[in-house]
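Visitor: coords please:
(one chain, ligands or ions: 2)
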Amino acid sequence: MRKIRRVFIVLGLLLGSGFALQASALDMEKAKEIYGPCAACHGEFGAGGKKGEYPRIAGQLPKYMEQQLKAFQSQARLNLPMYPYTKERELPDEDMKLVVAYLTQIELPTKQPVFSDNDGALVRLLAMEKVMIVPRAEGDIEHGQAIYQKNCAACHGKAGLGRGMFPRLVGQYTSYLKKQVDAYLKAERPHDEETAKEGVLYTLQAKDVQDALAYLTSIQEVEQ
Ligand code: HEC
Ligand code: HEC
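Guide: Ligands and ions are numbered 1, 2, ... in the order given. Below is the predicted model of the structure:
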């Protein structure tokens, strides 16, 4: 009797996971479709483009991305290219969640892949296209490390990978990050404080920030 029950439990687990897999596979198809128009700017794999005019969004944190898409939608974060794509009609809440889930699970390796003899040309091409290495930014890396670990790591994480509402910074184009720092300093976008013109970025010199960004480009290979 016991044995039979165990078989049923195992069967149930197998079936359950099978259904879950099927459901998520279907969602992924839909998510890919929703991502279609986004790819024109952010690239097929969400790696961004035009040297950071379009930011990388693959592997960014879901809560953060959803919050930003909402901010583009309400125009709390002003951006002309993004606004039309986030209008309720174009991106209803449900689609927003799906596309965010899709982007979050895309991993962009920071190393050239190793191939086996069986890998065809197309497999190789696709794998190479996914590799994302942000060029080293100029700056004093050692000083940048000290600045980053003291002033930024508490929110953006020791390895720059972010958490929760705090975005990942590592693996993002330096030019894009700089543009955002400028926007924060001009109070066009609120950073770590509700009130404009307060918070950690105002306590630093431009060189400190540049060094911190240089440091971030030096630790890309650490995690993956
Ligand atoms: C016409 C080009 C264009 C299209 C299409 C587009 N984006 Fe963007 N997106 C941008 C630009 C430019 C920025 C950076 C804005 C800035 O510099 O502040 C951005 C920023 C973002 C960000 C914020 C990244 C961050 O780190 O804060 C997210 C998330 C995002 N886009 C997701 C999407 C999604 C999802 C779609 C499709 C529904 C999409 N984008 C379509 C141009 C585009
Ligand atoms: C107290 C928490 C906190 C600290 C400390 C902090 N940040 Fe942030 N940072 C945030 C939050 C929250 C956001 C997202 C804000 C928003 O909604 O626009 C952010 C966003 C950013 C962005 C934009 C990322 C993107 O994808 O658009 C940059 C660049 C950035 N921070 C740089 C820094 C740097 C450099 C430091 C250290 C000098 C730092 N931050 C310290 C909380 C923090």
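Visitor: Return the residues in contact with residue 37.
Guide: Counting by C-beta atoms under 8 Å, 6 or more residues apart in numbering, residue 37 makes contact with 85, 90. (Glycine included, C-beta is placed from N, CA and C.)
Visitor: Beyond the helix or strand hosting it, next helix or strand please.
Guide: Using DSSP states H and E, residue 37 sits within helix 2-42. Where DSSP H and E defines the elements, the next helix or strand beyond helix 2-42 is helix 62-74.
Visitor: Tell me how far that next one lies from the chain's centre.
Guide: Taking C-alpha atoms, centre = their mean, to the nearest Å, one finds the center of helix 62-74 at 12 Å from the center of the full chain.
Visitor: Stretch 34-52 and ligand 1, any residue contact?
Guide: Yes: for stretch 34-52 and ligand 1, the contact criterion (C-beta under 6 Å from any ligand atom) is met by 37, 38, 40, 41, 42.
Visitor: Which single one of the residues you listed is nearest to ligand 2?
Guide: Ranking those by separation from ligand 2, with C-beta to the nearest ligand atom as the measure, puts residue 42 on top at 12.5 Å.
Visitor: Would you quantify the distance from the closest one to residue 79?
Guide: 13 Å (C-beta to C-beta, to the nearest Å).
Visitor: quick one, which of these two is more surrounded?
Guide: residue 42 (19 against 14; other C-beta atoms under 10 Å).
Visitor: Contacts only, for the spatially most central residue of the chain.
Guide: Nearest residue to the geometric centre of the chain (C-alpha atoms, centre = their mean): residue 60, 1.8 Å. Taking C-beta under 8 Å, 6+ apart, we find residue 60 in contact with 103, 104, 162, 167, 168.
Visitor: again, only this time at 6 Å
Guide: residue 168 (C-beta atoms under 6 Å, 6 or more residues apart in numbering).
Visitor: how far away is it from residue 173?
Guide: Distance from residue 60 to residue 173, by C-beta to C-beta: 13 Å.
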